[in-house]
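S.K.: no FASTA, just this:
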């Protein structure tokens with residue numbers, strides 16, 4: 001089973017109040033650099049990284065870099081962004097994140113086992129999601145579309 005690496009303990013529903021959201025507008029950076037930056041940010045332990053297409057003054061196309069991280073990583077992340085991007089400034093603000101509890105169960109498909117992440121609100125399962133890497137690996141071995149593995153898992157979960 002290939003479980004996603006979780007840098008934080010999310011077994012129980014909780015509130016993270018020591019979070020920071022960073023935003024940076026980037027209008028003069030190659031896409032390859034953005035991909036490398038995302039990999040490096042995730043490697044140092046940020047919670048999330050995403051890009052949003054935007055338009056800046058004079059209608060210049062750009063990318064909004066958004067990063068969600070624990071407060072203790074702020075200096076390290078700022079340094080990485082300043083050294084790996086073309087920005088002259090970073091905006092950041094405190095955030096509070098309400099996280100559902102998480103647990104895993106295994107579902108047996110005709111091609112093999114798939115780990116399923118479950119989200120808990122209190123003690124109630126309110127979301128379930130097959131782990132993509134498990135589905136991808138099984139699909140590759142079995143020579144079937146990833147979509148077919150997902151559909152098989154969803155069928156088992158809903159029976």
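M.R.: Right, received. Where do you want to start? If you're wondering where the values come from, they're calculated on a predicted model, not measured in any experiment.

S.K.: burial count for residue 114?
M.R.: Residues within reach of residue 114, counting by other Cβ atoms under 10 Å, total 25. Where you see a C-beta, it was placed from the backbone N, CA and C, and this is true even at glycine.

S.K.: surely it is within a helix?
M.R.: No - counting by DSSP: H, G, I helix; E, B strand; the rest coil, residue 114 is not found in a helix; it is strand.

S.K.: what's across from it in the sheet?
M.R.: Here residue 114 sits in beta bridges with residue 107, going by DSSP bridges.

S.K.: quick check, pLDDT for it.
M.R.: For residue 114, the pLDDT comes out at 96.

S.K.: for the residue at minimal distance from the centre of the chain, give me its contacts.
M.R.: Most central in the chain under Cα atoms, centre = their mean is residue 48, positioned 4.9 Å from the mean C-alpha point. Residues counted as contacts of residue 48 (Cβ atoms under 8 Å, 6 or more residues apart in numbering) are 66, 67, 68.

S.K.: try it again at 10 Å.
M.R.: Neighbouring residues of residue 48 by Cβ atoms under 10 Å, 6 or more residues apart in numbering: 21, 41, 42, 66, 67, 68, 69, 97.

S.K.: which of those residues fall within helices?
M.R.: Using DSSP state H, the subset of the contacts of residue 48 located in helices is 41, 42.

S.K.: the chain: helices as residue ranges?
M.R.: Using DSSP H, helices in the chain cover 31-43, 74-84, 132-142, 146-158.

S.K.: domain ranges for the protein?
M.R.: Split into domains by automatic domain parsing, the chain comes to 15-98, 101-158.

S.K.: how far does the first one stretch from one end to the other?
M.R.: The straight-line separation of the ends of domain 15-98 (Cα to Cα, to the nearest Å) is 4 Å.

S.K.: ok, which of the helices of the chain comes nearest residue 17?
M.R.: helix 74-84 (14.5 Å; Cβ to Cβ).
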